[in-house]
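In: quick one, structure for this:
(2 chains)
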Amino acid sequence: MERDILGYKCRKCGHVQYPYRTRCRGCGHVEWNGVDIVYDTVPLPKNGKLLTFTHLYALPSDFEAVNISLGIVELEGGNRITGQLKIKDPKIGMKVFGKVEVVRREEYKKYWGMVFYAEGA
Amino acid sequence: MRDVYVIGIGITSFTRLEYPLAEIAAYPAVQAMQDAKLDKVDHMFVANMGAGRVNRQTGLASAVIDHLCLQPAGAETIENGPASGASAIKAAYMAIASGMHDTVLAVGAERMNEVNSLEATDFVSTLSHPMAEAIYGVTLPSLAGMFTRLYMHKYGVTARHLAMVAIKNHANAMHNPFAHVRNLITMDGILDSVDAPTNNPIIADPLRFFDVCPVSDGGCALVLASEEVAKKSGRPMIKLAGVGQATDTHAVHDRPDPTELTAVKLAAAQALKMAKKTPQDVNVAELHDAFTILEIVESEEVGFFKKGEGHLALERGETQIGGKIPINTSGGLKAKGHPVGATGVAQAHEIVTQLRGEAHKRQVKGAKVGFTCNFGGFGNNVVCLVFTRE
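Out: Sure, this is the predicted structure:
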């Protein structure tokens, strides 16, 4: 099963926001269904353009790697997302595609997130 | 609203301190009260970010008021990330300006070295967005690294410009007895020589070790007072003339232009407008250089230089002591140190010292208007202050 990262589409103005917020960043709307706040969820696109990146050598204590690469990607459709990179020689502006993978483990817990690869890799 | 003045200041060394957090807050508070010639105050705000997590202590303000034997004065802990310090000063300002209190202590304290540097990094990275950033291993240096790369790409800032900030601030800290890092560094030692990659390893490229502030312990305090009390005290009349604050998106990727520090621009404009000053009126400034790039970009957002030209002004020496607008005469966070909750108060401490003319070898001659920028998160909550000498 292919996993997705979800964007939250406002039922009033149609703005898709990521990450989730209580109010719509596009128009400030909050839609209650009587119990909870509701948005239409839409899978975020996985192709995009690398906006910036870094190779981090001072990692949080639970990471076992020597370094990780992190980047901000401008996805098709305009949303941006922060993710990990598995790209040998990243360049600003390069085309990338994402897969949802385990990005962090804390004992028995797994965190899933977007990992980007160079297009064509 | 009533005018508010700073009539007392106190500070600890910024270093590794081997005494408890509440004392790190209480010692400078005592100094500030002695400086103000007061033996009690109406209220106290204590700025701190990590007590609950790092020091396993909550309700810090109650512990500090007990150390100071100031009961039954009111006391609150203020947590606003790395901008906690300036937020405590802002709270003190509001308390006095509103007429609710006449004398208020604004204290900042942090004891980060109670845990090792990995745990300290984990603790500070809790500022990032839990689901959209933190899960990936995002830390504050990594956000700064991505920001720096984009800024270099857009405006032509180089590693050499970043090193110039570090070299300048280390030189300034040589004249600050409270600074954490007091050793001179050179371009050769951190960038040009064959040993440079060993001396100055990559942390979050393009940022290297000497682009990042140290992990420090430290405390700092100000006594703020109404005009009536300030006049009676006989202390120099340093007015807190402007206060500004602005916020920005939690996740950095969500900003329309991630090279803009919009909250800095808005908070600075608000503080300067309230003080009826322009950026060109400012004689000395303390900017939040947790990473060297931030000093350059903040100097543009505040309005000292045009956007994209801060690094050129730095090259021309305009931000050195003796230059057009000396920045971080204390050594900044880079060399004075960054005990997160105390930093905003310490920035104000340096400006008050400068406006009083008591900064000795790092004194900016004739300084009458001072400015501070205390930067929380990665620019998502910024508090700016303007001080004037009357």
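
In: for chain A, what are the nearby residues on the stretch 101-250 of chain B?
Out: B:118-119, B:121-122, B:125, B:129, B:131-133, B:135-139, B:141-142, B:145-147, B:149-150, B:153, B:201-207 (Cβ under 8 Å from any Cβ of the partner chain). For every residue, glycine as well, the C-beta is placed using N, CA and C.

In: what do you get if the cut-off is 7 Å, keeping everything else the same?
Out: B:118-119, B:121-122, B:125, B:129, B:131-133, B:135-139, B:141-142, B:145-146, B:149-150, B:153, B:202-205 (Cβ under 7 Å from any Cβ of the partner chain).

In: count the neighbours of B:Lys231 for me.
Out: B:Lys231 has 13 neighbours, counted by other Cβ atoms under 10 Å in any protein chain shown.

In: how far away is it from chain A?
Out: 47 Å (Cβ to the nearest Cβ, to the nearest Å).

In: contacts only, for the residue nearest to that residue when sequence neighbours are not counted.
Out: In this structure, B:Lys231 finds its nearest non-sequential neighbour in B:Met237, 7.5 Å apart by Cβ to Cβ, 6 or more residues apart in numbering or on different chains. Residues in contact with B:Met237 (Cβ atoms under 7 Å, 6 or more residues apart in numbering or on different chains) are B:Tyr5, B:Ala230, B:Glu390.

In: same check, this time on A:Leu59
Out: A:Ala65, A:Ile68, B:Gly137.

In: my guess is the last one meets A:Phe63, correct?
Out: Yes. The pair B:Gly137 and A:Phe63 passes the contact test of Cβ atoms under 7 Å, sitting 5.7 Å apart.

In: the two: which has the busier surroundings?
Out: Using other Cβ under 10 Å as the criterion, B:Gly137 and A:Phe63 rank with B:Gly137 on top: 24 against 14.

In: residues of chain A that sit close to chain B?
Out: A:19, A:51-61, A:63, A:68, A:70, A:72, A:80-84, A:92, A:103-104, A:111, A:113.

In: and these, which are buried?
Out: By neighbour count, with 16 or more other Cβ atoms under 10 Å in any protein chain shown, the residues of chain A next to chain B hold A:19, A:51-60, A:68, A:70, A:72, A:80-84, A:103-104, A:113 as buried.

In: of these, which belong to strands?
Out: Mapping these onto strands (DSSP state E) picks out A:51-56, A:68, A:70, A:72, A:80-84, A:103-104, A:113.

In: give me the contact list for stretch A:60-71.
Out: So stretch A:60-71 is in contact with A:50, A:52-57, A:59, A:82-85, A:87, A:90, A:106, A:116, B:118-119, B:121-122, B:125, B:136-139, B:142, B:146, going by Cβ under 7 Å, 6+ apart.

In: could you dump that stretch to PDB, C-alpha only?
Out: Listed next in PDB are the C-alpha coordinates belonging to stretch A:60-71 (Å, rounded to 0.1, in the frame of the first residue of the first chain):
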ATOM      1  CA  PRO A  60      19.200  14.400  17.900                       C
ATOM      2  CA  SER A  61      20.400  11.800  20.400                       C
ATOM      3  CA  ASP A  62      18.200   8.900  19.100                       C
ATOM      4  CA  PHE A  63      19.700   9.000  15.500                       C
ATOM      5  CA  GLU A  64      22.400   6.400  14.900                       C
ATOM      6  CA  ALA A  65      23.600   7.800  11.500                       C
ATOM      7  CA  VAL A  66      26.700  10.100  11.200                       C
ATOM      8  CA  ASN A  67      24.600  12.600   9.400                       C
ATOM      9  CA  ILE A  68      21.300  13.100   7.700                       C
ATOM     10  CA  SER A  69      20.200  15.400   4.800                       C
ATOM     11  CA  LEU A  70      17.200  17.600   5.200                       C
ATOM     12  CA  GLY A  71      15.500  19.800   2.700                       C
END
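
In: now do it, average pLDDT.
Out: The average pLDDT within stretch A:60-71 is 92.

In: the host helix or strand of B:Val382 packs against which elements?
Out: B:Val382 belongs to strand B:381-389 when assigned by DSSP states H and E. With contacts taken as 3 or more Cβ pairs under 7 Å, 6 or more residues apart in numbering or on different chains; DSSP states H and E, strand B:381-389 sits against helix B:84-97, strand B:238-247, helix B:262-274, helix B:340-356, strand B:369-376.

In: cutoff 10 Å now
Out: helix B:84-97, strand B:238-247, helix B:262-274, strand B:284-286, helix B:292-301, helix B:340-356, strand B:369-376 (3 or more Cβ pairs under 10 Å, 6 or more residues apart in numbering or on different chains; DSSP states H and E).

In: hmm, back to that, shared neighbours of B:Gly137 and A:Phe63, which are they?
Out: Common contact partners of B:Gly137 and A:Phe63 (Cβ atoms under 10 Å, 6 or more residues apart in numbering or on different chains): A:Leu56, A:Arg104.

In: quick check: phi and psi at the residue in chain B that chain A sits nearest to.
Out: Here the residue of chain B nearest chain A is B:Gly145; by Cβ to the nearest Cβ that distance is 3.2 Å. Dihedral pair for B:Gly145: phi -60, psi -50, per degrees, to the nearest 10.

In: contacting residues around it?
Out: A:52-57, A:70, B:139, B:202-207, B:211-212, B:291, B:293.

In: can you list the helices and strands packed on strand B:381-389 in JSON lines and add mean pLDDT and mean neighbour count?
Out: Formatted as JSON lines, those follow (pLDDT from 0 to 100; neighbours: other Cβ atoms under 10 Å in any protein chain shown):
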{"stretch": "helix B:84-97", "mean pLDDT": "98", "mean neighbour count": "26"}
{"stretch": "strand B:238-247", "mean pLDDT": "98", "mean neighbour count": "22"}
{"stretch": "helix B:262-274", "mean pLDDT": "98", "mean neighbour count": "22"}
{"stretch": "strand B:284-286", "mean pLDDT": "98", "mean neighbour count": "29"}
{"stretch": "helix B:292-301", "mean pLDDT": "98", "mean neighbour count": "27"}
{"stretch": "helix B:340-356", "mean pLDDT": "98", "mean neighbour count": "30"}
{"stretch": "strand B:369-376", "mean pLDDT": "97", "mean neighbour count": "28"}
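
In: ok, back up a step: list only buried entries from the contacts of B:Met237.
Out: Counted by 16+ other Cβ under 10 Å, these give B:Tyr5, B:Ala230 as buried.
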